[in-house]
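1. got a predicted model here, sequence first, then my questions.
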Amino acid sequence: MIRYLYANQLSQYPRLAETMFRDRASQFIDRLKWDLQTSAEGWELDEYDRMNPLYVILEGADGAHAASMRCLPSIGRTMVNDHFRHLNHGIAIRAPFIWECTRFCIAPGACSAAVNRAGALMLAGQELGLRFKLTRALGVYDASMIRIYHNIGWVPEFIGAEGEGHDRICLGLWAFSPELRDRVAEKAGLDPAIAAGWFDAAFPERQSVAVA
């Protein structure tokens, strides 16, 4: 199932939190060789995790992390504006209806299930955007993700890039719409209604603003 959890709620799900941050270290540091730091516990954490972001987490049947991403409103501090502004000609992207999504992570050893897990996570992201009345998600992505986005059915609008080959880092915007949500659900083999259930369980006060 998908859980929407703010950072200050992670202590209620210690196994989920531990495996998410360990899987982030495995993906971004061990496999992708990004120059990031780990905690004493072997977790990949950064300053944006201390800003009480909203995590979208796919939880496995064993209570462990299967996939996740981190979301922050762009009107506050974001990774894109702090470190990748040059990919947009030095212009910061800040708007109440745009949220940054980063640290898109799939648990290691899930090659055969990676696209399905990514699809479920992106479906949850679409539901989040629609229910919070957002228009775009903002983020950076590496070249290896482009094929996955096409397979999922949610391709970003390209803004800018740097680097070549596997080292190429891109900046993009992902649109939110009921049509895109339904396309992502179809690609993932999921009923769009399941995403509404995930969201309602986390935000019962917003059930009255469901998007058809």
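-> Good, I have the coordinates.
2. need the longest helix for the protein.
-> Criterion DSSP state H: the longest helix present in the chain is helix 114-131.
3. just how off-centre is that helix within its chain?
-> 8 Å (C-alpha atoms, centre = their mean, to the nearest Å).
4. cool, and stretch 152-161?
-> Computed by C-alpha atoms, centre = their mean, the separation of stretch 152-161 from the middle of its chain amounts to 14 Å.
5. returning to that earlier point: tell me what the longest helix of the chain is packed against?
-> Packing partners of helix 114-131 (3 or more C-beta pairs under 8 Å, 6 or more residues apart in numbering; DSSP states H and E): strand 2-6, strand 54-59, strand 65-73, strand 98-106, strand 136-142, helix 145-152, helix 178-188, helix 192-202. C-beta here means a position set from N, CA and C on the backbone, and glycine is covered the same way.
6. make JSON lines from those and add mean neighbour count and mean pLDDT to it.
-> Output for the helices and strands packed on helix 114-131, formatted as JSON lines (neighbours: other C-beta atoms under 10 Å; pLDDT from 0 to 100):
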{"stretch": "strand 2-6", "mean neighbour count": "19", "mean pLDDT": "98"}
{"stretch": "strand 54-59", "mean neighbour count": "23", "mean pLDDT": "98"}
{"stretch": "strand 65-73", "mean neighbour count": "24", "mean pLDDT": "97"}
{"stretch": "strand 98-106", "mean neighbour count": "23", "mean pLDDT": "96"}
{"stretch": "strand 136-142", "mean neighbour count": "22", "mean pLDDT": "95"}
{"stretch": "helix 145-152", "mean neighbour count": "16", "mean pLDDT": "86"}
{"stretch": "helix 178-188", "mean neighbour count": "18", "mean pLDDT": "95"}
{"stretch": "helix 192-202", "mean neighbour count": "17", "mean pLDDT": "95"}
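7. understood, closing this out.
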